[in-house]
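Colleague: The sequence and its predicted three-dimensional model are supplied below.
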Amino acid sequence: MQIGASYMLQVTLVLGCGRAPSPHVDTQVSLEFSTNHGLTWHLVQEACLPGMPSCPELMAPSIYHPSEFTRWRRVTLPLPHKTWSSATRFRWIQSYYALVDEWALDDIYIGQQCPAMCHGHGWCNHGTCRSV
């Protein structure tokens, strides 16, 4: 899909669906993108931690852990310049899993940003905020 300046991604996510994740296994889900038809994949948002000189602000990576998403929770990300292309692909991927490791996505929006990213409330729909 075409991604450019002022684009964002918004989704609701739940991991585990009420069950405990597999013990001793990293069951996190990562949001990745590709601009070369899926030949290579990269995190949409890399970690930006204290002490990293290239970081303008602190940011967690686009990696989601079951302990943070035991219930449906909204994720809103501005799409960085590295994701911009005429053929960007996105994927959510879990590297390790067992039968008990379920997760789900809903309400996926990828498009023009809403004013102030809806202030963290409501949903963006073609550049306008709609309340929940």
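Modeller: Perfect, I can see it now.
Colleague: looking at this, V11 is in a strand?
Modeller: Yes. The assignment for V11, made by DSSP: H, G, I helix; E, B strand; the rest coil, places it in a strand.
Colleague: so the nearest residue in space to it that is not next to it in sequence is in which element?
Modeller: Once flanking residues are discounted, V11 sits nearest to I108: 4.8 Å by Cβ to Cβ, 6 or more residues apart in numbering. Heads up, the C-betas are built off the backbone N, CA and C, glycines and all. Per DSSP states H and E: I108 is located in strand 103-112.
Colleague: List the neighbouring strands of that strand plus their orientation.
Modeller: Paired with strand 103-112 in the same sheet, following DSSP bridges, are strand 7-15 (antiparallel).
Colleague: can you list contacts of the following helix or strand past the partner strand?
Modeller: Toward the C-terminal end, the helix or strand that comes next after strand 7-15 (DSSP H and E) is strand 29-34. Contact with strand 29-34 is made by 9, 13, 15, 40-45, 61-64, 75, 77, 82-83, 88-95, 103, as judged by Cβ atoms under 8 Å, 6 or more residues apart in numbering.
Colleague: among those residues, which ones are buried?
Modeller: Buried residues within the contacts of strand 29-34, counting neighbours by 16 or more other Cβ atoms under 10 Å: 9, 13, 15, 41, 44-45, 62-64, 77, 83, 88-90, 94, 103.
Colleague: which one among those residues gets closest to C55?
Modeller: Q45 (11.6 Å; Cβ to Cβ).
Colleague: Now do Q10: how many residues are near it, please.
Modeller: For Q10, the tally of surrounding residues (other Cβ atoms under 10 Å) stands at 21.
Colleague: Write down the beta-bridge partners of it, one by one.
Modeller: According to DSSP bridges, the partner residues bridging Q10 are T76, Y109.
Colleague: From what I see, it and V75 are in contact.
Modeller: Yes. The pair Q10 / V75 is scored as a contact, 7.0 Å apart, by Cβ atoms under 8 Å.
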